[in-house]
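>>> Take a look and give me a structure for this.
(3 chains)
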Amino acid sequence: MPKVKPRVKSVKDLTELRKRLRSSVKNFKSKLTICGGTGCHASRSQDVIDAFKKELKKRKLEEGVWVRATGCHGFCEQGPLMILEPGNIFYCGLKPGDAGEIIAETILKGEVIERLLYTDPVTSKKVRTEAEIPFYRAQDRQLLAQNRHVDPCSIEDYIAIGGYSALAKTLTEFSPEKVIEEVKISGLRGRGGGGFPTARKWAECRSAPGEEKYVICNADEGDPGAYMDRSILEGNPHLVIEGMMIGAWAIGARQGYIYVRNEYPLAVKHARIAMQQAREYGLLGDDILGGGFSFDMEICRGGGAFVCGESTALMASLEGKVGEPRPKDVHTVANGLWHKPTTLNNVETWANVPPIISNGAAWFAGKGTRGSKGTKIFALTGRVKNTGLVEVAMGTPLRTIVFDIGGGAINGRAVKAVQTGGPSGGCLPLDRLDLPVDFDALYDAGSMVGSGGIVVMDEKTCMVDVAKYFLAFLQDESCGKCVPCRLGIDRMLEIVTDITEGRGRPEQIDLLKELADTVASASLCGLGKTAPNPVLSTLRYFPEEYEAHVNEKRCPAGVCRELIEYEIDAEKCNGCGTCRRACPYDAIKGKKKEAHVIASHKCQKCGICLSECKFDSIIVT
Amino acid sequence: MSVLTLESILKGRRSQPHQLIEVLHDVQERYRHIPEEDMRIVSRELGVPLIEVYRVANFYKAFSLKPRGRNVITICTGTACHVRGSNLLSNQVLGQLGISPGDTTEDGQLTLEQVNCLGACALGPVVVLNGTYYKHMTPSKLRSLINSVNEKGIEDTDDAKGKTKGKKRQRSH
Amino acid sequence: MRKYVTLKIDGAGIRAPKGSSVLDVAIEYGICIPHLCHVPNLSDIGACRLCIVENIVNGRSKITTSCTLGVEEGMVILSNTERIKKLRRNIAELLVAQAPNSRAIQDVAVRCGVKEVRYPFRNNDCVLCGRCVRVCEEMWQARAIGFVGRGKDRRVDFPFGVRPDFCKKCGSCIYLCPMTITPCDGPMKPGKEYLCGKCESQLSMASGAMEDTCVWCELGKGFSVHDMVINERLLLFMMISMPISPSSTLPKHFFPLTAYPVSYSGSAAHDQGENCFLRPIVPVF
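Predicted coordinates for the structure are as follows:
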């Protein structure tokens, strides 16, 4: 790594720097790539990295082995993950204690440690490389694949794999109009939820009157159950910065902002470091690459408000105000941040721009469906075997994602529904899983692609409870400015709570539908307009569950507290006492090695005993 | 004292109303909550009306107007964690300590908070204790975690926090 | 020179100055679009959503609030379709269920066609229309009150819940509040939990208007210093005649009303020139 960072003043400088960086990497005998994304970080991957460094120092092998922490590899479930070159050996579930063994066996002798390999859950065979794992095999990883080659805190890594070459190409070969034309041909649509054509947004912003214009990157990923933006910004921040620079060149902006959730401390840190490094190299600032283009950016932390994902609310928040949306009768491309023309795109949208410029629009347009082009990252979570980030071409059926990549539901249960699009999306039943993931197809089915969360639900999930969960979330996150959203969601939650607590009346379901229509049609911003989707989609596809709650006062999935009772099956209970100790309300009595009993008057139906019992002896009636 | 440290936070940001949220973040990080007096100073120095400062501090979830406990347990209630039973964890804390989200125990030892998503969905349900993530939590794991906090008190957890912070710093270079 | 555009509202061709909102134009031409949060001369925030209209663009109808919609050449606006009426009725129903004992809100609801309320009543003081907040901020530049909190916890409050020094007790907030009209305790009485729809707006009665004066013409009356002086007596009358008891349905967030008559009759506050009623500040437009 060069000590004094030379300023890159022209495209030629950049090419030479890249050559130099590439040649310096070749000296290493083997390369260890350990995932340091939030998921693996939570699995203590940092300890593993430290253990490797310590062990290598002890054995005086630092010169020959390159240890590198990278961004998220996607397969967070199995973390911490490691890829070892040469050989591309994939180890998972690492512990700091494994470092010595890996160095002794794999690095020095070249032998694979069977114990640390991934086991294919279907064939029960050990798998050696990433490419053979079913989770990765069915994917089409364009953006995510870069993560494993880049240390997010090192601009040199990014430049070495060809970073900022798209920017160089733009500044030397493309006029702003040509960039917009290229993006238009590629068919890129906004990845944040709405699916608005990116090129149209840029063109409108470019033609809007005004000298001062802004570009904003929306990294306020508030959708619960989605984290692809975090993983890109955290794992490859320069890709986003480069995308924003190309966008800024196209629309004529000189200033950019990245608005990041405060709940993503690692993303904030990596983006800040990346920006600093880009400035040091002269890739941000005045006269970038000698092309006469000046651009700088700032990072702003969000304050924890879902509504700030809405463009006008986000801009208000950037101005240091309360994140309340305002009416969008004049679009933000003409009247945005500080009433100046502003282009706001999601992290994933910006990240798609450099590859489109480098590889050409036709490459991007070659993937996907007629209306939705390219690849999209989804966060596959919930009650599914393989959870993690999944990047597939648009148009891939949901079934492929859930079963081929995700491996189906956990504990051998049946998948009941799939929730897509977060709180703005809907729940799709099993028989709709052949739908392709495509902006228009999912919208027609009553859900949406949204920012790309896919939550798998099995038979132990109550759909009315899911609707209640989303309503409670939205009621909490609504800014409260307009009446339909504030009072409408509140009343919808009131009704659904009545239903889950056994007070539901049949006519309330019609009222719920009417109210949903009012909220969807009359609300001020996108949050309110899409808020009824979880209720409407569950009402549409799972009416029998609502009916069971209302008419029979019964929760088929055994979730709604007021409608269930817990009992202990005396035959199955062996008196281990786990449940007795776990019960926070002291409601379980019984002698050791004898069947226990739940005192129903003390039982608060918290469900803790059910989750703790290893012998399935707690029954829900 | 409070003014002195606030001085460093406000440095270079005076009369820049758009810095309000960033300033409040820094105040929150320093004191774990935002004292009223500081809000008045921030209002004066940034040139933001007092009501606007109060509104911002009330609107965003990241800001706390009440002093928080020495330890903060955050339970993720994102969709992925919810379907894997994160509500059991809130029930556990309610049953064990008698506090609901947003509350602090009477001895000021522990504050329970909920967050809508931490973006670590694959590891759900996730619990964060003073910045350290704990994955695949169950009520019993949480119970022993709370017990360990109550036994060790502030010192050990502070050490642990310092340690992870140190590590992070190390990694960035 | 002012530029004019022509547009159609409910089929009527209208020539309107550029820059005005659809709602303003409609009111001027006698087309009654219900509204609550809109006050002339104050900014429009589109919060109550009662003034929604259908804006027909390229044959597709887009529902939006008319107060925030600027007029444009060739616009086609439908303000009274079945769909709009239904949505408006549902919104008014939500509002009146929240504050059933405000006669102004009752009036709004009845005129929007609410026959029955399908939600349990809540005895709330405030519908968060924001009239008070905007008059304080925009007319007097005081910013003594504001919306605090979010979602269902949103409320109008002083900073830290304490009346700040820069609140001059001008009373504009109370003047514009739809809740400060003599309350009706009917809907909250046990056994009488319905809206009779019989009493007309107390506001229109108080100012001596005809019985059938539309409440919006009163609620929507412009706010100016001139108005304030004329209506000063009415306001005083309202404040004194208001029952000040724990059951009072006045918004709790406003300072105690007892302060008013006292400060008027030459109290310390008056001597210090804190009261801006008698010496109006010239508003800044």
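
>>> going forward, measure contacts between C-alpha atoms and count neighbours the same way
OK.

>>> Helices of the stretch 51-200 of chain A, residue ranges please.
Taking DSSP state H, counting those that start in this stretch, the helices of the stretch 51-200 of chain A run over residues A:98-101, A:134-137, A:144-147, A:155-160, A:165-173, A:176-186, A:198-207.

>>> Contacts made by the fourth one with the rest, please.
Same thing as helix A:155-160. Contacts to helix A:155-160, defined as CA atoms under 8 Å, 6 or more residues apart in numbering or on different chains, come from residues A:1, A:18-19, A:21-22, A:149-151, A:238, A:274, A:277-278.

>>> Quick one: distance of it to the chain centre.
Centre-to-centre, helix A:155-160 and its host chain are 24 Å apart (CA atoms, centre = their mean, to the nearest Å).

>>> isn't there a helix covering residue A:246?
Yes: judged by DSSP: H, G, I helix; E, B strand; the rest coil, residue A:246 forms part of a helix.

>>> quick one on the thing from earlier: could you dump the helices of the stretch 51-200 of chain A to a markdown table with mean pLDDT and mean neighbour count?
Shown next, in a markdown table, are the helices of the stretch 51-200 of chain A (pLDDT from 0 to 100; neighbours: other CA atoms under 10 Å in any protein chain shown):
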| stretch | mean pLDDT | mean neighbour count |
| --- | --- | --- |
| helix A:98-101 | 87 | 15 |
| helix A:134-137 | 86 | 18 |
| helix A:144-147 | 87 | 20 |
| helix A:155-160 | 91 | 21 |
| helix A:165-173 | 92 | 19 |
| helix A:176-186 | 94 | 20 |
| helix A:198-207 | 94 | 22 |
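
>>> what about those helices, which gets the closest to residue A:11?
The closest of the helices of the stretch 51-200 of chain A to residue A:11 is helix A:165-173. By CA to CA, the value is 6.0 Å.

>>> can you give me the angle the closest one makes with helix A:176-186?
130 degrees (axes from the mean of the first three to the mean of the last three CA atoms, to 10 degrees).

>>> Output helix A:165-173 as CSV, nothing but the C-alphas.
Only the C-alpha atoms of helix A:165-173 are listed here, as CSV (Å, rounded to 0.1, in the frame of the first residue of the first chain):
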residue,chain,number,x,y,z
SER,A,165,-13.2,3.6,-14.4
ALA,A,166,-16.8,4.2,-15.2
LEU,A,167,-16.4,7.7,-13.9
ALA,A,168,-13.3,8.1,-16.0
LYS,A,169,-15.3,6.8,-19.0
THR,A,170,-18.2,9.2,-18.3
LEU,A,171,-16.0,12.3,-18.0
THR,A,172,-14.0,11.6,-21.1
GLU,A,173,-16.4,10.0,-23.5
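
>>> Which elements pack onto that helix?
Applying 3 or more CA pairs under 8 Å, 6 or more residues apart in numbering or on different chains; DSSP states H and E, one finds that helix A:165-173 contacts helix A:237-251, helix A:347-359.

>>> 6 Å instead, please
With contacts taken as 3 or more CA pairs under 6 Å, 6 or more residues apart in numbering or on different chains; DSSP states H and E, helix A:165-173 sits against helix A:347-359.

>>> Checking my notes, residue B:75 in a helix, right?
No: assessed with three-state DSSP, residue B:75 is strand; it does not lie in a helix.

>>> neighbours around residue A:444, how many?
9 (other CA atoms under 10 Å in any protein chain shown).

>>> for residue B:26, same thing?
There are 15 residues near residue B:26, going by other CA under 10 Å.

>>> Chain neighbours aside, what residue packs nearest to it?
residue B:9 (6.7 Å; CA to CA, 6 or more residues apart in numbering or on different chains).

>>> any idea how far that neighbour lies from residue B:45?
Using CA to CA, to the nearest Å, we find residue B:9 at a distance of 11 Å from residue B:45.

>>> domains of chain B?
Here the domain parsing of chain B from automatic domain parsing is B:2-59, B:71-156.

>>> if I pick whatever residue of the stretch 401-550 of chain A ends up closest to chain B, what's in contact with it?
Per CA to the nearest CA, the residue of the stretch 401-550 of chain A with the smallest distance to chain B is residue A:455, at 6.3 Å. Residue A:455 is in contact with A:381-382, A:418-419, counting by CA atoms under 6 Å, 6 or more residues apart in numbering or on different chains.

>>> Wasn't it part of a helix?
No: using three-state DSSP, the assignment for residue A:455 is strand, not a helix.

>>> so what's it bridging to?
Beta-bridge partners of residue A:455, counted by DSSP bridges, are residue A:381, residue A:419.

>>> How much space separates it from residue A:273?
Residue A:455 is 33 Å from residue A:273, by CA to CA.

>>> Tell me the pLDDT of the residue positioned nearest the centre of chain A.
Among the residues of chain A, the one closest to the centroid is residue A:227, at 2.0 Å (CA atoms, centre = their mean). Residue A:227 carries a pLDDT value of 88.
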